[in-house]
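[1] What shape does this take:
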Amino acid sequence: MTLTSFLIGYIDKIAGYFGLTLSLSLILIVIAILFIYRTARTLMGEKFSGVKIFLIPLVYSVFVLFTFLPSDIYQKTSSLITAIVGIVIGLSLSRKVEVYEKKSNLYYKKSLTVTFLWTLFFSVKIVTYLYYPQYYFQSTFSALLTLVTGMLIGEAIKIYREGHRYKSNVRVSSG
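    Next up is the predicted model:
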């Protein structure tokens, strides 16, 4: 018996106790790993780079766009409005954004709440899409995911501004 087959058998056994299927259990494990990874990256901070700051929200936006591909013009319009509202909220609520210098490199920390909410709503959206596609609450999670994606974009704009403000203050004080 290999380690992989042992782990899958063990996960399947545990899943059976909770009435879950093996595939749903594996998805939940991947979601848990995603939560842990995103939380750790948010708490430790990341190196300041304009590309990196906007890359993650851009990738997340593509994920959200894929959830709206089969939708009608009303859903697409309302999701665009929801994203814009999210951007405004992200700009105004991202007070927890921190830009700092470590070993002569610029780093930033962002809001754990926004990161947590996006990961949560994305995970719920994936699970509902795969296992409960017929239910109406999918549109609710799509709207929440769109709102939080807008918040991520607003937060990225705020981080970018704060980083450049920090750089200009360092130049003025050292010059």
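[2] need the contact list for the residue most central in space within the chain.
    By C-alpha atoms, centre = their mean, the mean C-alpha position of the chain lies nearest to W118, the distance being 3.9 Å. Shown in contact with W118 (C-beta atoms under 8 Å, 6 or more residues apart in numbering): 60, 145, 148-149, 151-152. Using the backbone N, CA and C atoms, a C-beta is placed for each residue, glycine as well.
[3] Swap in 6 Å and give it another go.
    Taking C-beta atoms under 6 Å, 6 or more residues apart in numbering as the criterion, W118 is in contact with 148, 152.
[4] Report the separation between it and T21.
    For W118, the distance to T21 (C-beta to C-beta, to the nearest Å) stands at 26 Å.
[5] got it, and T149?
    According to C-beta to C-beta, T149 and T21 sit 29 Å apart.
[6] again, but for A83
    33 Å.
[7] So what touches the helix or strand containing I87?
    Per DSSP states H and E: I87 is located in helix 73-93. Applying C-beta under 6 Å, 6+ apart, the external contacts of helix 73-93 come out as 68, 143, 146-147, 150-151, 153-155, 158.
[8] now do stretch 58-68
    76, 79, 142, 145-146, 149, 152.
[9] My guess is K158 contacts V97. True?
    Yes - assessed by C-beta atoms under 6 Å, K158 is found in contact with V97 at 5.3 Å.
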